[in-house]
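> need the 3D shape of this:
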Amino acid sequence: MLHINREKLKSSHQLIWFVIDFLMLGLLILNLSFIAWDSMYGFIAVQRLLEAHLPALQAAYHPIHERFIFYDLLFVAVFLTEFFVRWGYAIRAKVYDRWYFYPFIHWYDLIGCIPVGSLRFLRILRVISIVYRLHQYQIIDITNTRLYRFLNFYYEAFMEELSDRIVLKVLTGIQDEVRRGSPLFDRIRHEILSPRRDMLADWISERVAQAAREGYVPHRGALRRYLESRVDQAMKQNSELARLNYLPVVGPSIQEALENAVGDIVAQVIHQVLEDLASNANHGFIEDIVHVFLPERDGRPAGETQNQALIELILEIIDAIKGQVRVKHWRAELP
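Residues are numbered from 1 along each chain as shown. Model prediction:
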């Protein structure tokens, strides 16, 4: 439901113009309804149907239909009068830099006044401009109407589908360029990635450390128990170690000691690796990896394997972006 903000309307210094807007809006709707009805009445089948079922209405309206242009020109005269009044006010108030700018900026107010055929239906542009102006000044709020939500939903869906296809086309073209070994790949590597090697190393190091801290440190005890149980199970299934049980007296003790020692060593090694990753000690290691993939431009050229690995990395990143672009967000809001 469309509500009028009467407080805004009363307090506005353009009250008279808003009143005129509402009057013109009513006249435009009446005029467009008249044009639509007369267009339907122009069909012989409609005239015969009215003559058969509503002869009084047909007899009353037929003379109006014969003089349709005259009645339509009456509406046009009102619309043009309002247009020239606003133009005069714009000149007096110096709304625009030049006096003749107004008709060019408000061309949609003029084009519908041409009383020729289907051009009359372009008066809907005036309706849209008036509604938009009233909404802009917060006199009405069209966003709460069902019609606006309906049209806006399908407009957003159309724009999303259109933009998705454009983006996918561009990304597919980039992938083709990278696969063909075009200069684009070398430019990405030398002009974009290589100058930012230190930044990439810092970012990757920080992310790895954060993942290790959040994923390992809180679950350190559970992970250690899991590793010990897996090592213990693997050693019990080892046939060579099982033979220690056949040694008299000391065999079971040796087997148990080996199981505990190996389990403790494995857990300690993994614990130390993850602790190093969770600290700043991983920065040098990750920096070396980044420098291998992104060598200096004047240094030794990277090998074919390294180039291919970087190409695959770029392609996979683009595939991930394309996968996200393909998500139809508008379907989640489907009424």
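
> count the neighbours of residue 94 for me.
9 (other Cβ atoms under 10 Å). The way it works is simple: take the backbone N, C-alpha and C, and place the C-beta from them, glycine included.

> roughly how far apart are it and residue 48?
Remark: distance between residue 94 and residue 48 (Cβ to Cβ, to the nearest Å) = 58 Å.

> same check, this time on residue 162
45 Å.

> try residue 151
36 Å.

> elements contacting whichever strand or helix holds residue 157?
Using DSSP states H and E, residue 157 maps to helix 146-179. Applying 3 or more Cβ pairs under 8 Å, 6 or more residues apart in numbering; DSSP states H and E, we find helix 146-179 packed against helix 183-187, helix 304-325.

> comparing those helices, which yields the minimum mean pLDDT?
Mean pLDDT per stretch puts helix 183-187 lowest among the helices and strands packed on helix 146-179, at a mean of 66.

> pretty sure residue 174 sits against residue 318.
Yes. Under the criterion of Cβ atoms under 8 Å, residue 174 makes contact with residue 318 at 6.2 Å.

> higher neighbour count, these two?
residue 174 (18 against 15).

> so where's the stretch 1-150 of the chain uncertain?
For the stretch 1-150 of the chain, the stretches flagged by pLDDT under 70 are 1-2.

> which stretches of it form helices?
Counting by DSSP state H, counting those that start in this stretch, residue ranges of the helices within the stretch 1-150 of the chain are 6-11, 15-41, 44-53, 55-66, 68-93, 101-105, 107-111, 124-136, 146-179.

> which residues touch residue 54?
Residue 54 makes contact with no residue, according to Cβ atoms under 8 Å, 6 or more residues apart in numbering.

> I'd like the distance between it and residue 61.
9 Å.

> same thing with residue 35?
14 Å.

> and for residue 189?
Applying Cβ to Cβ to residue 189 and residue 61 gives a distance of 76 Å.

> who has more neighbours, those two?
residue 189 (19 against 16).

> would you say that one is within a helix?
Yes. Counting by DSSP: H, G, I helix; E, B strand; the rest coil, residue 189 is part of a helix.

> and it, how close does it get to residue 47?
Remark: distance between residue 189 and residue 47 (Cβ to Cβ) = 76 Å.

> and residue 18, how many neighbours?
By other Cβ under 10 Å, neighbour count at residue 18 equals 20.

> my guess is it meets residue 9, correct?
Yes. Assessed by Cβ under 8 Å, residue 18 is found in contact with residue 9 at 5.9 Å.

> overlap in contacts, the two.
residue 139.

> what about residue 71, distance to residue 120?
12 Å.

> compare the two (neighbour count), which wins?
More crowded of residue 71 and residue 120, by other Cβ under 10 Å: residue 120, with 22 against 14.

> show me what contacts that one?
With Cβ under 8 Å, 6+ apart, residue 120 has these contacts: 35, 72, 112, 114.

> one more pass at 6 Å, please.
Neighbour list for residue 120: residue 35 [criterion: Cβ atoms under 6 Å, 6 or more residues apart in numbering].

> can you list the domains in this structure?
Using automatic domain parsing, the domain ranges for the chain come out as 6-144, 181-302.

> between the ones you listed, which one is nearest to residue 326?
domain 181-302 (23.1 Å; Cβ to Cβ).

> give me the neighbour count for residue 28.
Residue 28, neighbours per other Cβ under 10 Å, totals 20.

> that one against residue 128, yeah?
No. Judged on Cβ atoms under 6 Å, residue 28 makes no contact with residue 128 at a distance of 10.0 Å.

> any idea how far residue 204 is from residue 313?
Residue 313 is 12 Å from residue 204, by Cβ to Cβ.

> in terms of packing, which of those two has more residues around it?
residue 204 (16 against 11).

> in what helix or strand does the more buried one lie?
helix 197-215.

> circling back: a markdown table please, covering the domains of the chain and showing distance to residue 326.
Formatted as a markdown table, these follow (distance: least, Cβ to Cβ, whole Å):
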| stretch | distance to residue 326 |
| --- | --- |
| domain 6-144 | 29 |
| domain 181-302 | 23 |
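
> now do residue 68: how many residues are near it, please.
Quick note: residue 68 (other Cβ under 10 Å) scores 16 neighbours.

> my guess is it meets residue 39, correct?
No. Here residue 68 does not reach residue 39: they are 9.5 Å apart, not a contact under Cβ under 6 Å.

> give me the common contacts of the two.
Contacts common to residue 68 and residue 39, judged by Cβ under 6 Å, 6+ apart, are absent.
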